[in-house]
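Peer 1: From the sequence below, what's the structure:
(2 chains)
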Amino acid sequence: MKRKEFIGKTVTAGILPVLMNGFSLQAIADSPLIGYLSKAGNEDRVLVLIQLNGGNDGLNTVIPLDQYSNLMAARSNIALAESKVLPLAGTQKTGLHPAMPHMRNLYDAGAVSIIQSVGYPNQDFSHFRSTDIWLTASDSNKYEDTGWMGRYLDTQYPNYPTGYPSATFPDPPAIQIGALISPALQGLEMSFGMSITDPTNFYNFVNGTVDSAPNTPMGHELTFIRLVAQQTQQYSGTIKAAADKANNLSSLYPTKGVNTLADQLKIVARLVAGGLKTKVYMVSLGGFDTHSSQVANTGGTETGVHAVLLGKISEAVNAFQDDLKLLKVNDRVLGMTFSEFGRRIMSNDSLGTDHGAAAPMFVFGTKVNGGIYGNNPVIPSNPSSGDNVAMQYDFRSIYATILKDWFGLSNQDMAGVLYSTFPSLPFINSNATGLVQTEIAGANILTNYPNPAKEQTTIQFTTFGGMVQISLLDLNGKLISALAQGEYGRGKHEISVDTNFLKNGVYLYQLSTEQGTVVNKLIIER
Amino acid sequence: MAKTNRRDFLSLSGNHELPQDTNPYKDPSNKYLPRHLQKTSTGIGLYQGTWGNDQILHLLRRTLFGVKKSDLDFFKNKTLSESIDILLTLPTNPPLPPLNHYSYNLALPDPNVPIGSTWINAPQSPTLNGPRIQSLKYWWAGLLLNQDRSIREKMTLFWHHHFATECFTVQESRFSYKHHALLRSMCLGNFKELVKQITMDPAMLIYLNGDKNTKTAPDENYARELQELFTVGKDLPNHYTEEDVKQVAKILTGWRINRTTISSLFDLTKHDTSNKTFSAFYNNTVITGRTNTNAGIDELNDLLTMIFAQQEVAKYICRKLYRYFVYYVIDESVETNVIAPLATVFINNNYEIKPVIETLLKSEHFFDILNFACMIKPPLDHLVGLARQTNISFPSESNVQQSYGHWQTIQQYAIVLSQDLGDPPNVAGWPAYYEDPQFYELWINSDSLPKRNSVCDLLVYYGFTRNGYKLIIDCIAFANQFTSPENPNLLLDQILLVLYPMPISATTKTFMKNSFLLSGQASDYYWTDAWNAYIADTNNVANKAAVNTRLQALLKYVLGQAEYQLC
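Peer 2: Numbering: from 1, shown residues only, chains lettered A, B, ... in the order given. Below is the predicted model of the structure:
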């Protein structure tokens, strides 16, 4: 090695002890199914997963204003004053925590979808187990070796890591910003995640003669370490090139070190804009396990630990969205927050909450159909300490939607990744105009009468039974309202829709079931 | 963490198709736990095989943080039994407590504690709490660096991982010190008693909200982790229920902390005095609610009696010890031949820890060649081990500013490598000991591996200077401690014996010797001449540089290979 190179590298090493808040990027590569994805037009789409570690208190994040008195009764010491809750455009029933004004603005601008009460059947209250369930997309009583994103990436990078990177697929498939690689990125053969602290500075590994690794536990670990070294060396060049190509443009990012989530998303924006073909980025924010002191002792329930955390999310997402727009890559990026569970309806004496069940998720980006999906959670009037928010949506429905409507997977591949089919929700704007399809293999038939309609129309649909969601969309695929949602038995069903609130024009309505999604046109003519 | 063993059990039936191909680059990681590899059927019977350097070094690597040549020399003429006795004999006194190192910073005066005196019983202040937490952490790193030849530091860190608390969450340095001292003093003591003490420990009461647990609103945080993480675990398909968590929370209502006396206490007025009824897992036990001032202790004793009646407690702890000292794969053979009999030893000895450790470390399974060198070093083993193996000289402890300053260097590098002494990631400790299927491999990724190498490069070449003292590997002194350092073959063999946990092929050794010690020349005498010239005149700058640069290049290479990450 040349002395000059060496100095360049060790300068970083020399200041390592003060880089206590340094991040690590974990890199994943790009798609061999390029033909398929090009057809779907999704080949450059990026997903950013924001993990909120500890279990976020959903009831103090997205506030069910129509349940306010019950909510106040159940958690008077931590509930937010009704007057402080931020209203959301188009609804009186639901508001946001006062620490999230940017998130509210993004919502009002149609760039945020709020999905209510997401969880899974048979909630597990252990952090570790429930986190694994979310990351591996397993049933609550099953144990999976691979992560849901790892299985998705396995469909895009067959045989990974053998043969990667290559001339066609030079970039890491996934990058995680954070020192430890998430189990979500674990693929069939190995993790797709690559971890990096600083996308502009990498170490050069030196390699001479290498002994072969024996077929023993020692050989197994030796091989793993050598592979990480090899991949790091190979991918670091493309990551650095991407980072060198683009600079962050938004002035809304806080000073480095103040908001760890914003710092992480800033790196993501830079790498996306720099042309990296990485499909998945994982970032995280910890501290949500608020058994005590989630609100401040003094200063009002809108202050304290939880408020600070939500404020960080709001600020970080806002700066990130602003940056993506300025960098002109906003239409390629979808973001999603998730946490291992919500928290208990009733609070503790210690101004906190114990482990709970379902909670809301945020999905954001310029390609979402902004709006609230699902109803407010129901707060009992006389709650007991074990009461939890009931699940409305299985988290795998959200995953299914992303896999199909964002990444363009077929139903079959989606079912392969998630081990089952789950109905999708229309929170991603798929420009549904060209997608009118009224029947799937005899499973779902969707019609309405009268059509054109004036004040009323009746939608008829058939289903094989199971969860059903019917949504009304505009011609851009943007959600106007949810028409029906729930369990329907096998057979033919009708719902009556009051169309008085619609102006003359053409609309779409969409039926989502476990078999898939069908879309038809509704015309209003008066 | 709970899932790991249960999953093991589920997959033992052979549901998984195991990879057949052993080509390393096609099977690079843990798709499944690497059970397809050669695996042992050895058990906990007394090891009676060869007793040589390989065995001594294996034992020391797993029980100390890095092995010095002088350690090997010390144990060389001891038997296995003598060696274990030495390792398991703890110093009678605790180490001197952490000191005020922070008031060298004029912005941090301490009205009660002079520089160089301990703060552990002094009045607390918000501005000094953070610096004192740092003092505790640097001090602890110093204890690792200056460890004696006992297992105390490894065991203390094990319990810190097991009963994980975070200093910066507890936010009371004196409680965190007290907690640390408890783990240290009982590191080979009685586990049941340790659980009892931990339950009443002020730092733990704060960390898992025990001090907020009250009859009108029971807080389940500690009640859950006591079972899930500290005692019975969730390895069994049928374990305690959610209702059991609630009942345990009720039993533990009323414990409070006193910041003035730095202790905990029981407040009967906050205690739920009702009877607590448990599920079938605990044989429908009913623990009688008490109404006297001893209610807290009495009900806790009943609770621990009930929990420790579960045989699973012993197995769960033995699995954790196994993953800490041996390897992470617990297959059917290990479960049957190691975990189960060790658990029996644990129970038969009334949950004394020492007999379990002794049995494990003396076992034929521990010395099974397949368990050698298969552990990826945790960051602290990497860093402290590096410093000890290469005899890095630290400032004298009489200079508080300098010694704490350089313990800080090691402690903060460990943070960069994801092991923050005193602040594990969460109550489950470090995921490399439980996250299935990656386990130890979680320590190594595209971020951490370059950093591990960078720190080695830095200490080999430039050193790290703080307060006018440079921490650096003296490569020449390192070489000079070996027999016949002028012979490049013998020198390399001895260096690799200390630094690598496995033998290296002749081809690779030749590559290393030729590339670095001989700088591409073919004859050994180039090194021999260079070394002899240096010895003949150690003040000759050019002669010294000739051997030093070659040793630096060799060490950089050796420390940068995958082999060095294992122990």
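Peer 1: Which single residue of the stretch 201-350 of chain B ends up nearest chain A?
Peer 2: residue B:212 (3.3 Å; C-beta to the nearest C-beta). The way it works is simple: take the backbone N, C-alpha and C, and place the C-beta from them, glycine included.
Peer 1: dump the residue contacts of the nearest residue to that residue once chain neighbours are set aside.
Peer 2: Among residues not flanking residue B:212 along the chain, residue A:350 sits closest, at 3.3 Å (C-beta to C-beta, 6 or more residues apart in numbering or on different chains). Residue A:350 sits next to A:291, A:292, A:293, B:209, B:212, B:217, B:219 when contact means C-beta atoms under 8 Å, 6 or more residues apart in numbering or on different chains.
Peer 1: hmm, who's touching whichever strand or helix holds residue A:155?
Peer 2: According to DSSP states H and E, residue A:155 maps onto helix A:148-156. By C-beta under 8 Å, 6+ apart, the residues outside helix A:148-156 that reach it are A:28, A:30-33, A:37, A:47, A:49, A:135-137, A:146, A:160, A:173-174, A:184-188, A:191-192, A:279-280, A:282, A:399, A:403, A:407, A:409, A:413, A:416-418.
Peer 1: okay, the host helix or strand of residue A:266 in CSV with CA atoms only?
Peer 2: Using DSSP H and E, residue A:266 sits within helix A:260-273. Extracted C-alpha coordinates of helix A:260-273, given in CSV (Å, rounded to 0.1, in the frame of the first residue of the first chain):
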residue,chain,number,x,y,z
THR,A,260,-30.5,10.4,14.4
LEU,A,261,-33.3,9.5,12.0
ALA,A,262,-32.8,12.6,9.9
ASP,A,263,-29.1,11.8,9.7
GLN,A,264,-29.8,8.3,8.4
LEU,A,265,-32.5,9.4,5.9
LYS,A,266,-30.1,12.1,4.6
ILE,A,267,-27.6,9.4,3.6
VAL,A,268,-30.5,7.5,1.9
ALA,A,269,-31.5,10.5,-0.1
ARG,A,270,-27.9,11.0,-1.2
LEU,A,271,-27.4,7.5,-2.3
VAL,A,272,-30.7,7.3,-4.2
ALA,A,273,-30.0,10.5,-6.0
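Peer 1: helix or strand right after that helix?
Peer 2: That would be, after helix A:260-273 and using DSSP H and E, strand A:280-285.
Peer 1: what's the average pLDDT for that following strand?
Peer 2: For strand A:280-285, the mean per-residue pLDDT is 94.
Peer 1: now do stretch B:139-156
Peer 2: Here stretch B:139-156 scores 98 as its mean pLDDT.
Peer 1: Reduced to three states, what does the residue of the stretch 51-200 of chain B found nearest chain A come out as?
Peer 2: With C-beta to the nearest C-beta as the measure, residue B:169 is the residue of the stretch 51-200 of chain B nearest to chain A, at 9.3 Å. Taking DSSP: H, G, I helix; E, B strand; the rest coil as the rule, one finds residue B:169 in the helix state.
Peer 1: which one is it nearest to, not counting chain neighbours?
Peer 2: residue B:207 (5.8 Å).
Peer 1: Just list what the helix or strand encompassing residue A:319 packs against, helices and strands only.
Peer 2: Taking DSSP H and E as the criterion, residue A:319 maps to helix A:305-326. Counting contacts by 3 or more C-beta pairs under 8 Å, 6 or more residues apart in numbering or on different chains; DSSP states H and E, helix A:305-326 is packed against strand A:46-52, helix A:101-108, helix A:260-273, strand A:280-285, strand A:333-339, strand A:359-364.
Peer 1: quick one: it to helix A:101-108, angle?
Peer 2: Relative orientation of helix A:305-326 and helix A:101-108, computed by axes from the mean of the first three to the mean of the last three C-alpha atoms, to 10 degrees: 50 degrees.
Peer 1: between helix A:305-326 and strand A:333-339, how big is the angle?
Peer 2: 170 degrees.
Peer 1: what is the mean pLDDT for stretch B:354-374?
Peer 2: Here the average pLDDT along stretch B:354-374 is 97.
Peer 1: How about stretch A:326-344?
Peer 2: On average, stretch A:326-344 scores 96.
Peer 1: Any stretches of the chain with poor pLDDT?
Peer 2: This is for chain A. A:1-43, A:178-180, A:197, A:207, A:430-444, A:475-477 (pLDDT under 70).
Peer 1: that's the wrong chain, I meant chain B
Peer 2: B:1-39.
Peer 1: So which residue is smack in the middle of it?
Peer 2: By C-alpha atoms, centre = their mean, the mean C-alpha position of chain B lies nearest to residue B:157, the distance being 4.3 Å.
Peer 1: just checking, that one touches residue B:380?
Peer 2: Yes: assessed by C-beta atoms under 8 Å, residue B:157 is found in contact with residue B:380 at 7.1 Å.
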